[in-house]
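> Below are the sequence and a predicted model; questions follow.
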Amino acid sequence: MTFYFIKAHNKAERSFSVSELLRKMMVTVLVIGVVVSFSIAWKYAMPKHQAWRDNAAQRDALQAEVDQIREQITQTKRNIDRFKSSPYFVERLARMNHRVADNEIVFIFQ
(Lines give C-alpha, C1' and ligand atoms only; values in the text may rest on other atoms or scores of the structure.)
Protein backbone atom coordinates (compact mmCIF):
# COMPACT_ATOMS: atom_id res chain seq x y z
CA MET A 1 0.00 0.00 0.00
CA THR A 2 1.40 3.43 -0.88
CA PHE A 3 0.33 6.87 0.34
CA TYR A 4 0.80 9.99 -1.69
CA PHE A 5 1.58 13.33 -0.08
CA ILE A 6 1.88 16.59 -1.93
CA LYS A 7 4.49 19.08 -0.83
CA ALA A 8 3.21 22.62 -0.57
CA HIS A 9 6.25 24.34 -2.01
CA ASN A 10 6.70 22.45 -5.28
CA LYS A 11 3.55 20.33 -5.49
CA ALA A 12 5.63 17.26 -6.30
CA GLU A 13 4.36 13.84 -5.38
CA ARG A 14 6.19 11.70 -2.92
CA SER A 15 5.27 8.18 -1.90
CA PHE A 16 5.76 6.54 1.53
CA SER A 17 5.32 2.90 2.32
CA VAL A 18 3.30 1.92 5.37
CA SER A 19 6.32 0.48 7.14
CA GLU A 20 8.30 3.68 6.59
CA LEU A 21 5.41 5.77 7.88
CA LEU A 22 5.05 3.55 10.97
CA ARG A 23 8.78 3.74 11.62
CA LYS A 24 8.72 7.53 11.51
CA MET A 25 5.68 7.65 13.79
CA MET A 26 7.36 5.31 16.28
CA VAL A 27 10.51 7.44 16.33
CA THR A 28 8.40 10.55 16.86
CA VAL A 29 6.45 8.95 19.69
CA LEU A 30 9.68 7.71 21.26
CA VAL A 31 11.29 11.16 21.14
CA ILE A 32 8.17 12.78 22.61
CA GLY A 33 8.07 10.10 25.33
CA VAL A 34 11.70 10.70 26.26
CA VAL A 35 11.18 14.47 26.42
CA VAL A 36 8.06 14.09 28.57
CA SER A 37 9.84 11.58 30.85
CA PHE A 38 12.77 13.93 31.37
CA SER A 39 10.50 16.86 32.08
CA ILE A 40 8.54 14.87 34.67
CA ALA A 41 11.76 13.59 36.23
CA TRP A 42 13.11 17.16 36.33
CA LYS A 43 9.93 18.42 37.99
CA TYR A 44 10.07 15.85 40.78
CA ALA A 45 13.84 15.49 41.15
CA MET A 46 14.82 19.15 41.44
CA PRO A 47 12.98 19.89 44.73
CA LYS A 48 14.47 16.74 46.23
CA HIS A 49 17.92 17.72 45.01
CA GLN A 50 17.49 21.20 46.53
CA ALA A 51 16.39 19.64 49.83
CA TRP A 52 19.39 17.30 49.71
CA ARG A 53 21.76 20.27 49.24
CA ASP A 54 20.09 22.16 52.10
CA ASN A 55 20.38 19.10 54.32
CA ALA A 56 24.04 18.70 53.36
CA ALA A 57 24.75 22.30 54.39
CA GLN A 58 22.91 21.81 57.66
CA ARG A 59 24.79 18.53 58.25
CA ASP A 60 28.12 20.27 57.69
CA ALA A 61 27.20 23.02 60.17
CA LEU A 62 26.13 20.47 62.77
CA GLN A 63 29.30 18.44 62.18
CA ALA A 64 31.41 21.55 62.82
CA GLU A 65 29.50 22.11 66.06
CA VAL A 66 30.05 18.48 67.08
CA ASP A 67 33.78 18.80 66.37
CA GLN A 68 33.94 21.95 68.51
CA ILE A 69 32.16 20.22 71.40
CA ARG A 70 34.47 17.20 71.11
CA GLU A 71 37.46 19.55 71.37
CA GLN A 72 35.93 21.09 74.50
CA ILE A 73 35.40 17.63 75.98
CA THR A 74 39.02 16.70 75.21
CA GLN A 75 40.27 19.89 76.86
CA THR A 76 38.08 19.30 79.92
CA LYS A 77 39.38 15.72 80.24
CA ARG A 78 42.96 17.03 80.07
CA ASN A 79 42.18 19.53 82.83
CA ILE A 80 40.61 16.81 84.96
CA ASP A 81 43.72 14.64 84.54
CA ARG A 82 45.94 17.60 85.43
CA PHE A 83 43.82 18.32 88.53
CA LYS A 84 44.25 14.72 89.63
CA SER A 85 47.95 14.41 88.89
CA SER A 86 49.55 17.83 89.29
CA PRO A 87 49.32 19.84 92.51
CA TYR A 88 51.23 22.66 90.79
CA PHE A 89 48.45 23.05 88.25
CA VAL A 90 45.87 23.30 91.02
CA GLU A 91 47.96 25.88 92.86
CA ARG A 92 48.50 27.93 89.71
CA LEU A 93 44.75 28.00 89.00
CA ALA A 94 44.05 28.97 92.60
CA ARG A 95 46.53 31.83 92.39
CA MET A 96 45.05 33.01 89.09
CA ASN A 97 41.64 33.21 90.80
CA HIS A 98 43.06 35.11 93.82
CA ARG A 99 42.80 32.20 96.20
CA VAL A 100 45.22 32.01 99.10
CA ALA A 101 46.41 29.37 101.51
CA ASP A 102 46.09 29.70 105.30
CA ASN A 103 48.37 32.30 106.91
CA GLU A 104 49.22 33.82 103.51
CA ILE A 105 49.02 37.46 102.52
CA VAL A 106 48.46 38.35 98.87
CA PHE A 107 49.04 41.73 97.32
CA ILE A 108 47.24 42.31 94.04
CA PHE A 109 48.66 44.94 91.73
CA GLN A 110 46.73 46.14 88.77
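Done, it's in. Numbering: from 1, shown residues only.
> So which residues of this protein form strands?
Taking DSSP state E to define them, one finds strands in the chain at 2-6, 13-17.
> between those, which gets the lowest average pLDDT?
Least confident of the strands of the chain, judged by mean pLDDT, is strand 2-6 with a mean of 55.
> What is the burial count for residue 21?
14 (other Cβ atoms under 10 Å). Heads up, the C-betas are built off the backbone N, CA and C, glycines and all.
> helices or strands next to the longest helix along the chain in the packing?
With DSSP state H applied, the helix covering the greatest number of residues in the chain is identified as helix 18-85. Applying 3 or more Cβ pairs under 8 Å, 6 or more residues apart in numbering; DSSP states H and E, one finds that helix 18-85 contacts helix 87-96.
> And for the helix it packs on, what's in contact with it?
When contacts are defined by Cβ atoms under 8 Å, 6 or more residues apart in numbering, helix 87-96 is touched by residues 82-83.
> now it: how far from the chain's centre is it?
In this view, helix 87-96 has its centroid 46 Å away from the chain centroid, taken as Cα atoms, centre = their mean, to the nearest Å.
> Give the buried residues for it.
In terms of neighbour count (16 or more other Cβ atoms under 10 Å), helix 87-96 has no buried residues at all.
> Please work out the average pLDDT along the longest helix of the chain.
Rounded to a whole number, the mean pLDDT of helix 18-85 is 89.
> what angle do it and helix 87-96 make?
Between helix 18-85 and helix 87-96, the angle comes out at 90 degrees (axes from the mean of the first three to the mean of the last three Cα atoms, to 10 degrees).
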